[in-house]
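Peer 1: predicted model and sequence follow; I will ask about them next.
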Amino acid sequence: MPTRLTALILAPTLIAVILAGIRVSDSIGSISANQRTLAAAEYAGRLRDLSQQLGTERDRTAWLDGLTGVRASLRDPTRILQQQSYDLNQQKSVVDRMLAASIEDLGQIDESFGERALEEAKQALGRLEVIADSHAAGRDKDEATSVFFDYGQAIATLLRLHDELGEISDDPQVVAASRALSALAHAKDEASQQRAVLLTELLEPRQAFTPDDLQRFLGSWSRQASYTTAFNAEADTAAFTAFFTARSVPAARDVEMTKAWAVALGSRNHALRPIPGRVITAQEWFKDNAAALDAIKGVEQRVADQVLTRASALQSAEQRSALIAGGLILALIVLVLATTVLIARSMVRPLRRLRTEALEIAGIRLPEVVRRMRESSEPQAPPDVHPVTVDSADEIGEVAQAFDEVHQQAVRLASEESQLRNNVNAMFVNLSRRTQTLVERQISLIDGLERGEQDGTRLADLFKLDHLATRMRRNSENLLVLAGHEPARKRSQPARLQDVVRASLSEVEGYERVTVRVHRSAAVAGHAANDVVHLVAELVENAIAFSPRDTKVIVSSSPIEGGAVLLAVSDTGIGLSPEELIETNRRLAEPPTVDVSVSRRMGLFVVGRLAQRHGIRVQLRPGDVSGLIAMVLFPAEMITNPDAKPAPGFGEVTAWPTPAAIEPAGSFQSAATGGLPVRKPAPPREPESSNGWSAFGVPPRPAQPAQPVQPAQPESAGESTAVFPAFTEHSGAFQVMGAPVYERQPLPKAPEQPLERGDEFLPIFASVESAWFRRPDAKPPAAPPPGPIVPPQASHAPQPPPLPQGQAVPPQSAWRSSADTGFRAAAAANEPAAGGVTSAGLPRRTPRANLVPGSVNAAGSPPATAAPASPDAVRERFSSFQRGVQRGRAAAAGEPVDESGNQEEGS
């Protein structure tokens, strides 16, 4: 409305302004024209003066040349010639000064003076430059005719330009006066030409007019009379009277009489006078002409002053007119604007207030209400809205009320959307909980099947099924993240980053392709450990899914200045385009609102949400050759030093003495080969928290039955040996400290925590690991030297070989068995013999190859086949073994022993 109101008021005003502007433009044009007229009058005056002085220079040059020709007839030729030469040089000096001024004037003439004036100015400028150069070089013509011709062309060019400058004005008085001045200028030039011709003839040695000279003299006289008539026609009365007075002076009458006398003698071809008399006549002739020309110049100056006065008056009048018109237009505009402001303020103020509050509602208040409702976990009723402070009763007030209604409906819709989102989140949580319950039951069932399965192939399938169930549990947890729900179970103690990474590998497919190169000196805060496992699992799964099957995925870590840790997941897959990489990093930094697109890229959303929950920075960057590198920056407040204080639940476990040929129970090879750790015989109970749950919230499993000892598997020669690129302070998006050099230094012996030992079994691998899955082509490690053979009838157990000096003696275990003596004797007598391995990786046993000496008669008959143990008996046996190990660990750690073995997870 303000725009239309302004247009309605300003439309007629603009028309008036346009018309007045045209008038002002005309005034400005007239001012410019009058300025040009004034400038042209000034230029013309200097051109007239220059043409007259050039004529005088021409006449003096002709006089000097004539005297030089009759030098022998002169009474005092030296004095006369020196005097004439001096007068000529003085005249040239006057001309030089005028040349400089006229050349500057000619440079100011442009297209505004007219095309013909501009062309004549260019020609005149060339002529004047030639004369200036001639004066500078001291070059003069030898023959009088040549001098006359050169000067005549230059003067004619100047007079033509003078005529053009007089015609540029539109004022009749100025034009008439300019034409009168042009006539006077031409008349003076003709008088100067007559003076030069007669001077030449008077000093001619043959003492008579030639017919051509006489004709030229008479023609000039006739043209002078014509120009005089033209002046009389154009000049006003005052100028005519002044010109008549100038022609009545004695010098002018003498000039006319001398011309008549010379024409009369020349027409009869008589000699003008003897040489001495002609010199005197020439002097008088030059003097009388100079006086007559000076009288005409006075008239000319008077007319020129009239032109300048008239041009100045016209210019002043146009300036006043333009100022008056401009003032009136300005006053009109101010009046219109004042009226518009007074009328429109009453309408613009409420509109402005409405616009301001509408923008505030749309940009601040409404988004804040929506944000609070979106972040609230409880449904909220729509809050009351504050109406717009526009209380007018016109159309603007009605618009404000309508906007309040729109605001109220927007808040109501936001409330309904919040309730709907909470309902959807609740459904996600319920579905996830139900799925998790079913998955946990499925895992428990699979565990039971694993414990009772004896066939290696089926057991391998059961482990794969167990692994898929673990992945299903992670997908179910994705729904919790999608709903913004945090897990109910959280660790209270830190977990080593290496264990966290290994735990994440149990939740991805193709874990055998992953190489772990994570420092053991860092631990993740307990409250974030489960989420970090989930986050790393998503990144590793993405790297495995989008990289060739014959390549490795490397997980490495680097310390960062300030105590933070950088974890990198590197693959050599297809990678992302620069645009997709930028968009993906943006989504990781700012997780979007849950919509349909989130379901298509659930992993990306989950990683972003988990990182945002704990202040973790996740960023993708291209690999050095191909693929991607996912960099995860754990802040310093999330990283702890596990060596500073032992975490509860991971206390010291006493090392049990074992035979020399058997490695400690529960030891496993490093996962650096990309697969799961290779299980060694008799795996112990995984490290537990004080509440009876595993370190990552997984229920404890019964220990696996002891399996035959298998040699450790080295890394296959065909596996990738790609090395993850070293992170320096210039790589990636985070500053990395210089690579620390880890050297083994002698330290005082202290009780070793289970997770510190490289052979400690990680709890999460208990559900997916099997000692049966071994590579058949692995070479057995070098066996330790056998101990002394102990006869089976020995009454006491043999002592272990003495330890090296300075090594701590391991504590003796109180748990012993009657079969220990025979088993040690068998281990000392022979190394276990095997007949190879099957296609499933199981050892092929040789009958009677590993019998304990003295246990069976050599010539005895084959023993009867023992009845197979029932599943309940086997389960009870392993459960009892598990409880015993658990009680032993608790006793070694100085913790109270729960005989029931059932403990709940702590906070």
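Peer 2: On my side now, so go ahead. Numbers count the residues shown, from 1 in each chain.
Peer 1: residue 621 and residue 578 touch, don't they?
Peer 2: No. Between residue 621 and residue 578 there is no contact, the gap being 10.8 Å when judged by CB atoms under 8 Å. The way it works is simple: take the backbone N, C-alpha and C, and place the C-beta from them, glycine included.
Peer 1: those two - which one has more neighbours?
Peer 2: Neighbour count, other CB atoms under 10 Å: between residue 621 and residue 578, residue 621 has more, with 16 against 8.
Peer 1: confirm that that one sits in a strand.
Peer 2: Yes. Residue 621: assigned to a strand according to DSSP: H, G, I helix; E, B strand; the rest coil.
Peer 1: mind checking which helix or strand of this structure has the lowest mean pLDDT?
Peer 2: Least confident helix or strand of the chain, by mean pLDDT, DSSP states H and E, is helix 820-829 with a mean of 53.
Peer 1: list the buried residues of the helix or strand just after that helix.
Peer 2: Helices and strands here follow DSSP states H and E; after helix 820-829, the next one along the chain is helix 871-892. Applying a neighbour-count criterion of 16 or more other CB atoms under 10 Å, one finds 878, 881-883, 885-886, 888-890 buried in helix 871-892.
Peer 1: can you check stretch 121-130 too?
Peer 2: By neighbour count on 16+ other CB under 10 Å, the buried set for stretch 121-130 is 121, 123-125, 127-128.
Peer 1: still on that earlier bit, out of the buried residues of helix 871-892, the closest to residue 203 would be?
Peer 2: Here the nearest of the buried residues of helix 871-892 to residue 203, counting by CB to CB, is residue 889; it sits at 147.2 Å.
Peer 1: so how far is residue 375 from the closest one?
Peer 2: For residue 889, the distance to residue 375 under the criterion CB to CB, to the nearest Å works out to 44 Å.
Peer 1: dump the buried residues of stretch 121-130 into a markdown table; add distance to residue 168 and secondary structure as well.
Peer 2: Formatted as a markdown table, these follow (distance: CB to CB, whole Å; DSSP: H, G, I helix; E, B strand; the rest coil):
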| residue | distance to residue 168 | secondary structure |
| --- | --- | --- |
| 121 | 12 | helix |
| 123 | 18 | helix |
| 124 | 16 | helix |
| 125 | 18 | helix |
| 127 | 21 | helix |
| 128 | 21 | helix |
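Peer 1: ok, so of these, who is nearest residue 87?
Peer 2: Each of the buried residues of stretch 121-130 was scored against residue 87 by CB to CB, and residue 128 proved nearest at 22.2 Å.
Peer 1: which residues touch residue 171?
Peer 2: Neighbouring residues of residue 171 by CB atoms under 8 Å, 6 or more residues apart in numbering: 37, 310-311, 314.
Peer 1: could you identify the most distant pair in the residues you listed?
Peer 2: 37 and 310 (8.4 Å).
Peer 1: neighbour count winner among those two?
Peer 2: Neighbour totals were compared for residue 37 and residue 310, and residue 37 leads with 27 against 20 (other CB under 10 Å).
Peer 1: for that one, give me its contacts.
Peer 2: Neighbour list for residue 37: 168-169, 171, 174, 311, 314-315 [criterion: CB under 8 Å, 6+ apart].
Peer 1: and if we set it to 10 Å?
Peer 2: Shown here is residue 37, whose contacts under the criterion CB atoms under 10 Å, 6 or more residues apart in numbering are 113, 165-166, 168-171, 174-175, 178, 307-308, 310-312, 314-315.
Peer 1: shaky segments in the stretch 451-600 of the chain?
Peer 2: Using pLDDT under 70 as the threshold, the predicted model of the stretch 451-600 of the chain has low-confidence ranges 487-489.
Peer 1: next one: the stretch 251-400 of the chain
Peer 2: 270-279, 377, 379-380.
Peer 1: thinking again about what came up before, name the residues contacting each of residue 37 and residue 310.
Peer 2: Taking CB under 10 Å, 6+ apart as the contact criterion, the residues that touch both residue 37 and residue 310 are 169, 171, 174, 178.
Peer 1: of all these, which comes closest to residue 493?
Peer 2: Here the nearest of those to residue 493, counting by CB to CB, is residue 169; it sits at 105.9 Å.
Peer 1: now the element after the helix or strand hosting residue 427, going C-ward?
Peer 2: In this structure, residue 427 is located in helix 395-452 according to DSSP H and E. Sequence order places helix 456-482 as the next helix or strand after helix 395-452, per DSSP H and E.
Peer 1: what angle sits between that following helix and helix 395-452?
Peer 2: In terms of direction (axes from the mean of the first three to the mean of the last three CA atoms, to 10 degrees), helix 456-482 departs from helix 395-452 by 160 degrees.
Peer 1: which helices and strands does helix 456-482 pack with?
Peer 2: Secondary structure elements in contact with helix 456-482, counted by 3 or more CB pairs under 10 Å, 6 or more residues apart in numbering; DSSP states H and E, are helix 395-452, helix 526-545, helix 596-600, helix 602-614.
Peer 1: just the buried residues of that helix, please?
Peer 2: In terms of neighbour count (16+ other CB under 10 Å), helix 456-482 has its buried residues at 456, 459-460, 462-463, 465-467, 469-474, 476-482.
Peer 1: can you check stretch 420-439 too?
Peer 2: For stretch 420-439, the neighbour count (16+ other CB under 10 Å) marks 421-422, 425, 428-429, 432, 435-436, 439 as buried.
Peer 1: brilliant, that's me finished.
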